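need coordinates for the below:
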Amino acid sequence: MAKDNGPRRRRVPLVAAVVQPVAKRLARMEDLLIEMRHEQDVKLKRIISLQEQIDRLTEHVRANRATTRRSPRRKK
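Numbers count the residues shown, from 1 in each chain. Next up, the predicted model:
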């Protein structure tokens, strides 16, 4: 008579990891760092541009404040 061992366990096939050569991994890391640096440069240029706009507006407001006088308040 056949013996019933219950449900069989399904084995997941093992796949050997393919190890990339060190030089290739380092090259990919370097490419990522270069890309990140480029993104930083783009953002920095945008920030500098916005800061220059703010500085020009601030100077404009100061110049207008110096030339504009407030009229005295009217008494009630």
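
element containing Leu57, please.
Here Leu57 sits within helix 22-67, counting by DSSP states H and E.

tell me the mean pLDDT for that helix?
Mean pLDDT, helix 22-67: 95.

Arg25 versus Glu39, what's the distance?
Separation of Glu39 from Arg25 (C-beta to C-beta, to the nearest Å): 22 Å. Bear in mind the C-beta positions are built from the backbone N, C-alpha and C, glycine included.

next one: Arg62
Applying C-beta to C-beta to Arg62 and Arg25 gives a distance of 55 Å.

what of Glu52?
As judged by C-beta to C-beta, Glu52 and Arg25 stand 41 Å apart.

counting neighbours, what do you get for Pro7?
For Pro7, the neighbour count with other C-beta atoms under 10 Å is 6.

which element is it on?
Going by DSSP H and E, Pro7 is not in any helix or strand.

what's the distance between it and Pro13?
19 Å.

roughly how far out does the helix holding Leu57 sit from the chain middle?
Taking C-alpha atoms, centre = their mean, to the nearest Å, one finds the center of helix 22-67 at 12 Å from the center of the full chain.

quick one: buried residues of stretch 53-62?
Using 16 or more other C-beta atoms under 10 Å as the test for burial, stretch 53-62 gives no buried residues.

do stretch 10-24 as well
For stretch 10-24, it's none, nothing buried (16+ other C-beta under 10 Å).

for it, measure first residue to last.
Length of stretch 10-24, first residue to last, C-alpha to C-alpha, to the nearest Å: 36 Å.

and it, how far from the chain's centre?
With C-alpha atoms, centre = their mean as the basis, stretch 10-24 stands 32 Å off its chain's centre.

what number of residues lie near Leu50?
10.

what's the answer for Leu32, then?
Count around Leu32 with other C-beta under 10 Å applied: 10.

next one: it from Glu39, what distance?
11 Å.
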